[in-house]
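Trainee: Dropping the sequence and predicted coords here.
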Amino acid sequence: IYEITLDRANTGSGVEAVTGRMVYEFNGSACEGYTQNMRFVSRMVNQEGAETLNDLRNSSYEDASGKSLRFS
């Protein structure tokens, strides 16, 4: 789990603040294959004070042979 915080924004970027959290999960073995799940939720505040919330998710599975990868 990673906590994300914008240290500083460039003048004129329109961004006042960004915070968020990334959760990364990795499971499996060389015999069974591997699964990876990631979720990244962020909150951005622009210079006018309007907030934007993003919730990004992805999942993947790679078989043990390394010849097949499925993702969403």
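Mentor: Yes, it's here.

Trainee: Assign a three-state SS to residue 24, would you?
Mentor: With DSSP: H, G, I helix; E, B strand; the rest coil as the basis, residue 24 sits in strand.

Trainee: beta partners of it?
Mentor: Applying DSSP bridges to residue 24 yields these beta-bridge partners: residue 38.

Trainee: Residue 38 is in contact with that one, correct?
Mentor: Yes: assessed by C-beta atoms under 8 Å, residue 24 is found in contact with residue 38 at 5.0 Å. For glycine as for every other residue, the C-beta is placed from the backbone atoms N, C-alpha and C.

Trainee: I'd like to know how far the residue positioned nearest the centre of the chain sits from residue 2.
Mentor: Taking C-alpha atoms, centre = their mean, the centroid of the chain lies closest to residue 40, which sits 3.1 Å from it. Note on residue 40: its distance to residue 2, by C-beta to C-beta, to the nearest Å, is 9 Å.

Trainee: Touching both of those two, which residues are there?
Mentor: 21-23 (C-beta atoms under 8 Å, 6 or more residues apart in numbering).

Trainee: who does the lowest-mean-pLDDT helix or strand in the chain touch, helix- and strand-wise?
Mentor: Across the helices and strands of the chain, mean pLDDT, DSSP states H and E gives its lowest value to strand 69-71, namely a mean of 93. Using 3 or more C-beta pairs under 8 Å, 6 or more residues apart in numbering; DSSP states H and E, the elements in contact with strand 69-71 are strand 51-62.

Trainee: which of the residues in the strand it packs on are buried?
Mentor: By neighbour count with 16 or more other C-beta atoms under 10 Å, strand 51-62 contains the buried residues 61-62.

Trainee: go on, stretch 12-21?
Mentor: Within stretch 12-21, the residues that qualify as buried are 18, 20, counting by 16+ other C-beta under 10 Å.

Trainee: Give me the contact list for that stretch.
Mentor: So stretch 12-21 is in contact with 1-6, 9, 40-47, 49, 54, going by C-beta under 8 Å, 6+ apart.
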